[in-house]
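J.: Prediction below, plus the sequence it came from.
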Amino acid sequence: MTTPVISVAGWKNSGKTTLITKIVAELRRRNVRVATIKHAHHAFEIDREGTDSFRHRDAGAFEVAIVSARRWAIIHEIGDEGEPTLAEVLKMLSPADVVIIEGYKPAPIPKIEVRRLSAARTEPLAETDPNVVAIAADHPCTSVRLPVFDLDDVGGIVDFVVAFCRLGKAGTSRSGGV
């Protein structure tokens, strides 16, 4: 069975990351095993200059694994390979009950659109993206035929995610927990 995915999409400064962290925390409270993917439109660094792993990459290693008793990470230098597709990234993840995605706005995946009046842009995504399945907003959205949630209604949003992604009874994951 394919792991269900749902994206939280919106314009810059709409509150996507804040909403995702609240959704993830509530899903975990309900014993749902969650993975996330964050797409960045810019270069990013998860390792700091001066660390041993940074020095390994700086010396030319195309992949460096950092492992401890509490977590592990693999840093892969893309070089000329090109950015992996969302499908390729999903295949790299460990098994989860659901994957919550931030970014990948053009991807043909189900999305919860985040609308905030103070965002960098405010034109609705749902008007041009048939993959938007719900809206979370800090203002009334009365002219849409989609479920609309207050941006602070995390319980309602998570109830929607649980039902939409068929995660079982709202409070239990399909795999019976973590």
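T.: Looks like it came in fine.

J.: Pick out the residue closest to the middle of this protein.
T.: For the chain, the residue sitting closest to the mean C-alpha position, by CA atoms, centre = their mean, is residue 101 at 2.2 Å.

J.: which residues touch that one?
T.: The contact partners of residue 101, by CB atoms under 8 Å, 6 or more residues apart in numbering, come to 5, 6, 7, 8, 36, 37, 38, 39, 86, 107, 109. No exception for glycine: its C-beta is placed from N, CA and C like everyone else's.

J.: Please, which helix or strand holds the last one?
T.: In other words, residue 109. Assigned by DSSP states H and E, residue 109 belongs to no helix or strand.

J.: What's the local residue count around it?
T.: Number of residues near residue 109 (other CB atoms under 10 Å) recorded here: 18.

J.: returning to what we had before: considering the contacts of residue 101, which possesses the most neighbours?
T.: For the contacts of residue 101, neighbours tallied by other CB under 10 Å; top is residue 7, 26 neighbours.

J.: Confirm the residue nearest to the centre of the chain sits in a helix?
T.: No - read with DSSP: H, G, I helix; E, B strand; the rest coil, residue 101 is strand and lies in no helix.

J.: Who does the residue lying closest to it once chain neighbours are set aside form a beta bridge with?
T.: Spatial nearest neighbour of residue 101, chain neighbours left out: residue 7 (4.1 Å); criterion: CB to CB, 6 or more residues apart in numbering. Beta bridges link residue 7 to residue 101, residue 111 when assigned by DSSP bridges.

J.: what's in contact with the helix or strand where residue 27 lies?
T.: Under the criterion of DSSP H and E, residue 27 resides in helix 16-29. Contacts to helix 16-29, defined as CB under 8 Å, 6+ apart, come from residues 8-10, 34, 36, 38, 97-98, 100, 102, 112, 114, 136, 151, 154-155, 157-158, 161-162, 178.

J.: how close does the residue nearest to the centre of the chain sit to residue 145?
T.: To residue 145, residue 101 is 24 Å away according to CB to CB, to the nearest Å.

J.: ok, now residue 72?
T.: Residue 72 is 45 Å from residue 145, by CB to CB.

J.: quick one, which of these two is more surrounded?
T.: residue 72 (9 against 6).

J.: so where's the chain uncertain?
T.: Where the chain drops to pLDDT under 70, the residues are 1, 169-178.
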